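Asks: my questions are about this predicted structure, shown below with the sequence.
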Amino acid sequence: MYTISCRDVGRDCDCVVQGETEEEIMKNAAEHAVKDHGYKEQDIMSSEMREKIKSYMRKS
Ligand SMILES: [Zn+2]
């Protein structure tokens with residue numbers, strides 16, 4: 001299971017995004033960022049942003 005906490009990313013948000021696989025958490029994180037943080041989907045899917053999201057992932 002992978003998790004990303006919005007707080008770790010510096011967001012004032014208590015949400016923790018989870019996923020079984022890297023692809024799944026990437027998808028869930030993107031959905032959350034678009035829905036709740038006003039990002040555009042193409043911003044999230046840039047390789048730079050994907051690397052950033054990966055660096056915040058915690059495996060448990
Ligand atoms: Zn959030």
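Replies: Noted; the coordinates are in hand.
Asks: which parts of the lowest-mean-pLDDT helix or strand in the chain are buried?
Replies: The weakest-scoring helix or strand in the chain, judged by mean pLDDT, DSSP states H and E, is helix 41-44 (a mean of 86). Buried residues in helix 41-44, counting neighbours by 16 or more other C-beta atoms under 10 Å, are found at Ile44. For every residue, glycine as well, the C-beta is placed using N, CA and C.
Asks: which secondary structure elements does it contact?
Replies: Helices and strands touching helix 41-44, by 3 or more C-beta pairs under 8 Å, 6 or more residues apart in numbering; DSSP states H and E, are helix 22-37, helix 47-56.
Asks: start to end distance for stretch 14-27?
Replies: Stretch 14-27 stretches 18 Å from its first residue to its last (C-alpha to C-alpha, to the nearest Å).
Asks: from the ion, how far out is the most centrally placed residue in the chain?
Replies: When the chain is reduced to its mean C-alpha position, the nearest residue by C-alpha atoms, centre = their mean turns out to be Ala29, at 3.1 Å. Here the distance between Ala29 and the ion works out to 9 Å (C-beta to the ion, to the nearest Å).
Asks: tell me who's in contact with the nearest residue to that residue once chain neighbours are set aside.
Replies: Nearest residue to Ala29, sequence neighbours excluded (C-beta to C-beta, 6 or more residues apart in numbering): Val17, at 4.7 Å. In this structure, Val17 makes contact with 3-6, 25, 28-29, 32, judged by C-beta atoms under 8 Å, 6 or more residues apart in numbering.
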